[in-house]
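Engineer: Sequence and predicted structure, then a few things I'm wondering about:
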Amino acid sequence: MADLQLLEAIPDLEYGDHLIILADDSLDACQDVPQSLFDFVENRPEARVWLLRPSDVLARDGAMWLCLFGTELVEIPAPVARPLYRTLPRSFTATDGVVTHTWAGLPVD
């Protein structure tokens, strides 16, 4: 996780289970959040959910973090965000500071 340079923005990533979603667009309403994402989060009640937005994105608020109970919204510097994705959204899980799975989009089971 240290290689991703996210520990300064989210120091809690070193311990426990996490779902991290890098996103740059706002969803207008909860019905725009795919059911598969709700299911994924529901099946992992122990995981903390983080929605990361590059700081150069103007629309920082959206439905996703409001609709997924307990999601924490974090703004990260654009230079830190750029190496983490080719296209957004992009997601990954981490356990005790180690990336365990990645998705080129939102996570699905």
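Structural biologist: In hand now; what should we look at? Numbers count the residues shown, from 1 in each chain.

Engineer: burial measure for residue 46, as a count.
Structural biologist: 8 (other CB atoms under 10 Å). (C-beta placed from N, C-alpha, C; glycine too.)

Engineer: Just the pLDDT at it, thanks.
Structural biologist: On pLDDT, residue 46 comes in at 92.

Engineer: What of residue 43?
Structural biologist: For residue 43, pLDDT reads 91.

Engineer: Repeat that for the one 10 residues further on.
Structural biologist: The predicted local confidence for residue 53 comes out at a pLDDT of 79.

Engineer: correct me, but it touches residue 76?
Structural biologist: Yes. If you go by CB atoms under 8 Å, residue 53 and residue 76 touch, sitting 7.3 Å apart.

Engineer: Could you check which of those two is surrounded by more residues?
Structural biologist: The neighbour count for residue 53 versus residue 76, taken as other CB under 10 Å, is higher for residue 53 (24 against 19).

Engineer: Which residues does that one form beta bridges with?
Structural biologist: Beta-bridge pairing of residue 53 under DSSP bridges involves residue 75.
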